[in-house]
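Trainee: 3D model of this:
(one chain, ligands or ions: 1)
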Amino acid sequence: MEVFILLSVENNFLSEAAALSWKRCHELGLNPADPFDDDVLTGSRIQALLRQNEQTIQYAEQIFEQMNVGIKQSGQMALLIDSEGTIIHTAGDADFSRKAVTVQLQVGANWAEQRKGTNAIGVALAEKKPVLVHAEEHYFNSNHFLTCASAPVFNSSGELIGIINISGKREHYNAYTSMLACMAASSLQNKILLEQAKKEHLVTLRELNHTAQIHPLPLLSLSRDNLILGANHAAIKIVGSDAIGKEFKQLEGFSVETIHNEHQKVWQSVSIRKQAGNEQRLYTFKDIVGTCPTILQKKELARKAAATDFPILLLGESGVGKELFAQSIHTASNRSAEPFIALNCSAIPDNLVESELFGYARGAFTGANKDGNTGKFEAAHKGTIFLDEIGDMPLRAQAALLRVLQEGVITPVGSTKSKAIDARVIAATNKDLAAEVKAGRFRIDLYYRLKGIHITLPALRERSDIVTLALHLLQKHAFPRPSLTENAQHKLLTYSWPGNIRELNGILMQAVFLAGGQAIDAEHLSFEATDRAVQDESDEDHQLTLKDAEITAIKKALKAAEWNLSKAAGQLKIGRTTLYRKIEEYGIALF
Ligand SMILES: Nc1ncnc2c1ncn2[C@@H]1O[C@H](COP(=O)(O)OP(=O)(O)OP(=O)(O)O)[C@@H](O)[C@H]1O
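Mentor: Presented below is the predicted three-dimensional model:
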């Protein structure tokens, strides 16, 4: 027998799991030609078992009901088995059910290995994993007419509580049967978990990458104080089997969204955003570091704006965090599960504007991908499109963009069919858009379309939290105990930061290297850009400084006057109209 099993595996006659089971059956002294055991439960014993499993049977009934048509059509039967191997519920094709009874594939019969030899139910119970046992893989000759797939069902603590099995005649073998058994088992365990956690805080973990779409939802049930009470198999794989009883902590790469049941908000779902390849996790408001009142105020405004669907215009110098804000707005909005598509408007070649924005149909033009291509707007459908460097968008592209924004539809190049697009627009620029309009470089109609809520982000030199920000960035770059000497802090505070936070980041990285593990001192901070800027006393720089001074004075006065224009103008000793003109000219936000 031993030799037969080994040969069978080598010849692919037996799967590895079946071969191990054959070995166990052989060791138990079972003989393939034995008649099957005929101890089927009846009467009060079966009644008691059914009562004991009433709830699980009810859930299985609902699941089998959904699969009923397919199962009947393929002449199969679905079975629910308890943790001891006894069949407690069946549904499916009547013809096959009649045939199945001849080998006791029926309610009350026990299909553990020691009773029925190698079979999908018995092997799944022993191995605690899904298994297919086909035709001659069955140990007893009497079962060779069967093909059966089983999948285990676990409770919220990870214990095996039963098996789902799908069986049919061997000639009705279907490659999808195993998958169907797995899906039914996972639906059942999710239903059981949901029921157990009914009054508790429920968290659904959902992987957003491709594998997640074909795997069952990982589910966790949490107590009110956030302790993990239970987890299904898929969730245990992610949080680890020792997570039960521990506090559920927000994991890196998880985001929490609230879903509703029919009546009240009782469930919460957590989506796992596993970063596939080099795909980046999008920023959230938590990533925006800042303690200075201006940045806090901008964050608050952006948070409020995220809750609406208005277009948003982000203004500010290069490197102040406009893209960071755009991504955070998207992740805080109710579009967060949908795509965030960024488009650098200054980088679209004139002849590709339409195809870039709207995509193109199959064979639209020579050199195009033969299968056609999705444009940025279509890719952002239901999500957010981030139009970066909008102030540098060529006029031809502006006209095309305006059309989409006005009409809400796109027509791919080479296609006759229009598609309705619902994308939230966030635009950003470091240009003074009002001035660009005046100069005829930016369409006024597009300007008003995009303006919606406008948020001007402060330049780094206007911020009072440069040192805090620097320490945070150092920590983020794996410099565990960042330290800056007083001289270094002073140097950071007195520099003009033309490249803003992006520049701060770069300078700090170099400083970490130069400091070689010691505290960062002034000598480690080298500001090449400014050194040049300070030395360069050109008219242009002089104008910039004046403008900056005016902006700072206006902002201070506005803040002190609690955004009352007349009061602020009084403080600045200029007329209200002049103040208003300057606010417009410098693009100062009135929030
Ligand atoms: N408040 C902040 N907290 C932490 N990091 C920040 C903050 N603001 C900006 N950064 C970082 O600074 C860098 C520049 O930010 P971002 O690209 O968003 O700027 P931007 O204004 O869009 O620049 P550009 O106009 O050149 O595209 C990024 O690495 C970003 O993570």
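Trainee: measure the closest residue to Asn500 other than its chain neighbours to the ligand for me?
Mentor: Closest residue in space to Asn500, ignoring its immediate chain neighbours: Gly319 at 3.5 Å, by CB to CB, 6 or more residues apart in numbering. C-beta: built from backbone N, CA, C; applies to glycine. Gly319 sits 5 Å away from the ligand, going by CB to the nearest ligand atom, to the nearest Å.
Trainee: state the phi and psi torsions of Gly319.
Mentor: Note on Gly319: backbone dihedrals following degrees, to the nearest 10 are phi 80, psi 10.
Trainee: that one touches Arg502, doesn't it?
Mentor: Yes - with contact defined as CB atoms under 8 Å, Gly319 reaches Arg502; the gap is 3.4 Å.
Trainee: which one's more surrounded, these two?
Mentor: It is Gly319, of Gly319 and Arg502, that has more neighbours when counted by other CB atoms under 10 Å, with 21 against 14.
Trainee: list the contacts of the closest residue to the ligand within the stretch 301-450 of the chain.
Mentor: Nearest to the ligand, among the residues of the stretch 301-450 of the chain, is Gly321, at 2.7 Å (CB to the nearest ligand atom). Contacts for Gly321 (CB atoms under 8 Å, 6 or more residues apart in numbering) come out as Ile288, Leu457, Asn500, Ile501.
Trainee: can you narrow those to ones near the ligand?
Mentor: Contacts with the ligand within those, counted by CB under 6 Å from any ligand atom: Ile288, Ile501.
Trainee: among the contacts of Gly321, which are located in helices?
Mentor: In helices, defined here by DSSP state H, the members of these are Asn500, Ile501.
Trainee: which pair in the contacts of Gly321 spans the largest distance?
Mentor: Ile288 and Asn500 (13.5 Å; CB to CB).
Trainee: wait, is Ile88 part of a helix?
Mentor: No - using DSSP: H, G, I helix; E, B strand; the rest coil, the assignment for Ile88 is strand, not a helix.
Trainee: that one against Arg51, yeah?
Mentor: No - in this structure, Ile88 is not within contact of Arg51 by CB under 8 Å, at 10.5 Å.
Trainee: what about those two, which has more around it?
Mentor: Neighbour count, other CB under 10 Å: between Ile88 and Arg51, Ile88 has more, with 22 against 9.
Trainee: about what we covered before: can you lay out the contacts of Gly321 as CSV showing pLDDT?
Mentor: Shown next, in CSV, are the contacts of Gly321 (pLDDT from 0 to 100):
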residue, pLDDT
Ile288, 92
Leu457, 96
Asn500, 91
Ile501, 92
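Trainee: following the strand or helix carrying Ser150, which helix or strand comes up?
Mentor: Per DSSP states H and E, Ser150 falls inside strand 146-154. Using DSSP H and E, the helix or strand that follows strand 146-154 in sequence is strand 160-169.
Trainee: the inter-axis angle of that next one versus strand 146-154?
Mentor: Compare the direction of strand 160-169 with that of strand 146-154 by axes from the mean of the first three to the mean of the last three CA atoms, to 10 degrees and you get 160 degrees.
Trainee: many thanks, we can stop here.
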